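1. 3D model of this:
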Amino acid sequence: MSTSTPTPNSTPPPPSGITVLIVGAGFAGLTAAIECHRKGHTVLLLEKSPALAPLGDIISFGQNSSRFFDKWPGVREAIAPLNHKAEEFQFHDWTGRFVTTQDFREEHRRWGKRVNGHRGEIHQVLLRHAVARGVEVRLGCNVVEYFESEDGAGVVLEGGERLTADAVLAAEGVRSRGRRLVLGFEDKPLPSGYAVFRTWFDAAELAKNDKTRHLVENGDTHTGWIGQDVHFLAAAIKDGKEMSWVCTHKDEGSIEESWQFPGKIEEVLKVVEGWDPVVVQLVKLTPPERLFDYKLVFRDPLPTFISPKARTALIGDAAHPFLPTSIQGASQAMEDGVVLAACLDKAGKGKVQEALRVWERIRYERVHKIQQTGVTTREQWHKADWDAIWKDPESMHLPREEWILNFDAEADAYASYDAVKERLAARSKI
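-> Predicted structure coming up:
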């Protein structure tokens, strides 16, 4: 049983004897796999997709999660060329009137650099690192059932193969089949009332256009336009060579089996009708085949993240889907994996159930408090009081809270484990 936080380049610890089965190779699953391997646990990572292509658009990692990249040799250096370099965020109202600039330089000086970049490209960096360090990754594995006993847990794959381990981590998103084991019933995602048009494309045509040239010609930029129940955020990246934009808007559609669809330029133009000509031109210059319409879903806060016998844990979106306006979805998914690996490290082979129960208590309140910030920020923009904003433009700034960002989840897990364990024992939870 370990009592201290491993250093980035320390000699790998001896095998812990703990076996961990992880379902889903997104950021939650990959982080859990890397950290469990780093602490001597034996890991098998399953992924439903037969191949992991670099798909997606922009994703953000706050300082609370980007710090983990420094613990994994070579990862920070591999991500650096992919990282968004803009240090400022320019806010406008929907007509194009400048409102305020939010400067992130002091935040970066005090808390470290956050990471923004292409979801698929950063994911590939982490996947390559996991494989290089020896994590076993099996693609094309569709999990159809979860099960557990007092002595272990496991999954059944399509085709009937059964796999078991000391602990199972369900990390395959909001439709995780692990939720049924944890909750005891099948629940469905609910529509949030909002959807997001998303895209990422080459910026060459933007550089030729008089209305959009300023967004890309001087390198990376980050610009936002705020309207009634709509906000539009554009990020030029890779020294202005590529562009990503997202447009969050009201949506009353129902949630179908899939909630990401090809987007239509004409539908976006209806949403931004009468807006700043820069926004309108940016939409018109977007390649139609690169546009997606993503319906935002939510689930009510779960009463627990762990199964009745405390052998299976939901992590990442499987436990707590975040709205994009929180800018913490990926960060909290990574914190889940880091803290869980640390708790298993603290508990040791014979106390895996204790580790999962302590992990849940460490994570539960923090995750839900941060989850709520996504709603708060969206309402701050979508229900904006413009008379008040013109008197205090900085009220539009993104909240950047120290308790969220200047936080080391790994160190906190080691420091708080024993006290949390004692509180649970006093309540006869372990």
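
2. could you pull out the helices for the stretch 101-250 of the chain?
-> 105-111, 119-132, 178-183, 204-208 (DSSP state H, counting those that start in this stretch).

3. quick one, which of these is nearest to residue 340?
-> Closest approach to residue 340 among those is made by helix 178-183 (13.8 Å; Cβ to Cβ). For every residue, glycine as well, the C-beta is placed using N, CA and C.

4. tell me which helix or strand comes right after the longest helix along the chain.
-> Of all the elements of type helix in the chain, the one with the most residues (DSSP state H) is helix 352-382. As assigned by DSSP states H and E, the chain's next helix or strand after helix 352-382 is helix 386-391.

5. beyond the worst-scoring helix or strand of the chain on mean pLDDT, next helix or strand please.
-> Ranked by mean pLDDT, DSSP states H and E, the helix or strand of the chain with the weakest confidence is strand 260-262, at a mean of 78. The first helix or strand that comes after strand 260-262 along the chain, using DSSP H and E, is helix 265-271.

6. avg pLDDT for that next one?
-> Taken as a whole, helix 265-271 carries a mean pLDDT of 97.

7. and for stretch 190-210?
-> The average pLDDT for stretch 190-210 rounds to 91.

8. next one: the closest residue to residue 113 other than its chain neighbours from residue 239, what distance?
-> Nearest non-adjacent residue to residue 113, counting by Cβ to Cβ, 6 or more residues apart in numbering: residue 66, 6.4 Å away. Residue 66 sits 20 Å away from residue 239, going by Cβ to Cβ, to the nearest Å.

9. quick one, which of those two is more surrounded?
-> residue 66 (23 against 13; other Cβ atoms under 10 Å).

10. report the contact partners of that one.
-> Residue 66 makes contacts with 112-115, as judged by Cβ atoms under 8 Å, 6 or more residues apart in numbering.

11. is the residue nearest to the spatial centre of the chain within a helix or a strand, and which one?
-> Closest residue to the average C-alpha location of the chain: residue 330 at 1.5 Å, with Cα atoms, centre = their mean. Residue 330 is part of helix 329-347 when elements are defined by DSSP H and E.

12. chain center to that helix: distance?
-> 13 Å (Cα atoms, centre = their mean, to the nearest Å).

13. in the top strand by length along the chain, what counts as buried?
-> When the chain is parsed with DSSP state E, its longest strand is strand 190-202. Across strand 190-202, burial judged by 16 or more other Cβ atoms under 10 Å covers 191-192, 194-201.

14. packing partners of that strand?
-> strand 242-250, helix 265-271, strand 291-298 (3 or more Cβ pairs under 8 Å, 6 or more residues apart in numbering; DSSP states H and E).

15. which residues are in contact with that strand?
-> Here strand 190-202 makes contact (Cβ under 8 Å, 6+ apart) with 56-58, 118, 241-255, 263, 267-268, 271, 286-287, 290-300, 323-324, 378.

16. can you name the farthest residue from the center of the chain?
-> Most peripheral residue of the chain (Cα atoms, centre = their mean): residue 210, 35.3 Å.

17. gap between that residue and residue 262?
-> Distance from residue 210 to residue 262, by Cβ to Cβ: 29 Å.

18. then residue 16?
-> Taking Cβ to Cβ as the measure, residue 16 falls 46 Å from residue 262.

19. neighbour-wise, which of the two wins?
-> For residue 16 and residue 262, the more surrounded residue by other Cβ under 10 Å is residue 16, and the numbers stand at 21 against 10.

20. for the closest residue in space to that one that isn't next to it in sequence, which three-state class applies?
-> Nearest residue to residue 16, sequence neighbours excluded (Cβ to Cβ, 6+ apart): residue 40, at 4.2 Å. With DSSP: H, G, I helix; E, B strand; the rest coil as the basis, residue 40 sits in coil.

21. check the one 4 residues further on too.
-> Using three-state DSSP, the secondary structure recorded for residue 44 is strand.

22. ok, the closest residue to residue 204 other than its chain neighbours - how many residues close by?
-> Distances taken as Cβ to Cβ, 6+ apart place residue 241 nearest to residue 204, at 7.9 Å, with adjacent residues excluded. The local packing of residue 241 (other Cβ under 10 Å) involves 14 other residues.

23. so residue 241 versus residue 182, what's the distance?
-> Taking Cβ to Cβ, one finds residue 241 at 44 Å from residue 182.

24. residues contacting the residue farthest from the centre of the chain?
-> Here residue 210 is in contact with no residue (Cβ under 8 Å, 6+ apart).

25. phi, psi for it please.
-> For residue 210, the backbone dihedrals (degrees, to the nearest 10) come out as phi -60, psi -30.

26. from residue 276, how far off is it?
-> Residue 210 is 14 Å from residue 276, by Cβ to Cβ.

27. with residue 406 instead?
-> In terms of Cβ to Cβ, residue 406 sits 35 Å off from residue 276.

28. so what pairs up with the closest residue to residue 58 other than its chain neighbours in the strands?
-> Distances taken as Cβ to Cβ, 6+ apart put residue 244 closest to residue 58, at 4.2 Å, once the chain neighbours are dropped. On the basis of DSSP bridges, residue 244 is bridged to residue 200, residue 235.

29. mean confidence score for the helix or strand encompassing residue 65?
-> Residue 65 is part of helix 63-69, with elements assigned from DSSP H and E. Taken as a whole, helix 63-69 has a mean pLDDT of 97.

30. just the buried residues of the next helix or strand after it, please?
-> Using DSSP H and E, the helix or strand that follows helix 63-69 in sequence is helix 75-79. Neighbour counts using 16+ other Cβ under 10 Å place 75-76, 78-79 of helix 75-79 among the buried residues.

31. same question for stretch 97-110.
-> 99, 102, 104, 107.

32. so residue 205 sits against residue 286, correct?
-> No: using Cβ atoms under 8 Å, residue 205 is not in contact with residue 286; the gap is 9.3 Å.

33. more neighbours: those two, which one.
-> Using other Cβ under 10 Å, the more surrounded residue of residue 205 and residue 286 is residue 286, with 21 against 15.

34. give me every residue that touches the more buried one.
-> 199, 201, 245, 265, 268.

35. could you look up the SS state of it?
-> Following three-state DSSP, the label given to residue 286 is coil.
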